[in-house]
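[1] could you look at this predicted model? Sequence included:
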Amino acid sequence: MTIAIAQSNFENEIIAQALRLNDGRAEINYGFNSGGCEKYQYFVTADGCVLGINTVIVNIQKINFNDPDDSQFYITGVDVNYEDDSLTDDYTGEKLESAYGEDDYQSGPEDFE
């Protein structure tokens, strides 16, 4: 565990706004009255890859996400996955959950009465 890497990562304004350190662990930085959409955030890297918020949290002390010379991990943006049920984390290959995607709501017969 290298504290220097974690410190470097939090020098990145995008990471510092989305996450916070709590007793040395990275956690989602929920906003006041935000509705909880922060857990559906994903990061975009310099080469256009998508990294899920959990990927960054798990690797915050292992991977330098603030190194502009490493475009596959250099974080340049953050967004919320509101409805894209096919969005995939390019590092893990896992599908990223959406805040309001089709999987979150299943219509039943009572919806058509």
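    Arrived safely, thanks for sending.

[2] so which strand or helix has residue 7?
    Residue 7 is part of helix 3-9 when elements are defined by DSSP states H and E.

[3] for that helix, the distance to its chain's centre please.
    18 Å (C-alpha atoms, centre = their mean, to the nearest Å).

[4] could you list every helix and strand that the following helix or strand past it packs against?
    Counting by DSSP H and E, the next helix or strand C-terminal to helix 3-9 is helix 13-18. Counting contacts by 3 or more C-beta pairs under 8 Å, 6 or more residues apart in numbering; DSSP states H and E, helix 13-18 packs against strand 41-45, strand 75-80. The C-beta positions use only the backbone N, C-alpha and C, and glycine is treated the same way.

[5] contacts for the helix or strand following helix 13-18?
    Next helix or strand after helix 13-18 toward the C-terminus (DSSP H and E): strand 19-22. Applying C-beta atoms under 8 Å, 6 or more residues apart in numbering, the contact partners of strand 19-22 are 6, 10, 26-29, 53, 56-57, 60.

[6] and if you look at stretch 91-99?
    37, 40, 42, 49-52, 55, 80-89, 103-104.

[7] same check, this time on stretch 52-70
    Looking at what lies outside stretch 52-70 - C-beta under 8 Å, 6+ apart - the contacts are 1-3, 5-6, 8-9, 11-12, 15, 18-19, 26-28, 38-43, 46, 51, 73-75, 89, 91-92, 94, 96.

[8] quick one: mean pLDDT over it.
    The pLDDT scores in stretch 52-70 average 97.

[9] ok, back up a step: give me the buried entries from the contacts of stretch 91-99.
    Among the contacts of stretch 91-99, those classed as buried by 16 or more other C-beta atoms under 10 Å are 40, 42, 49-52, 55, 80-81, 84, 87, 89.
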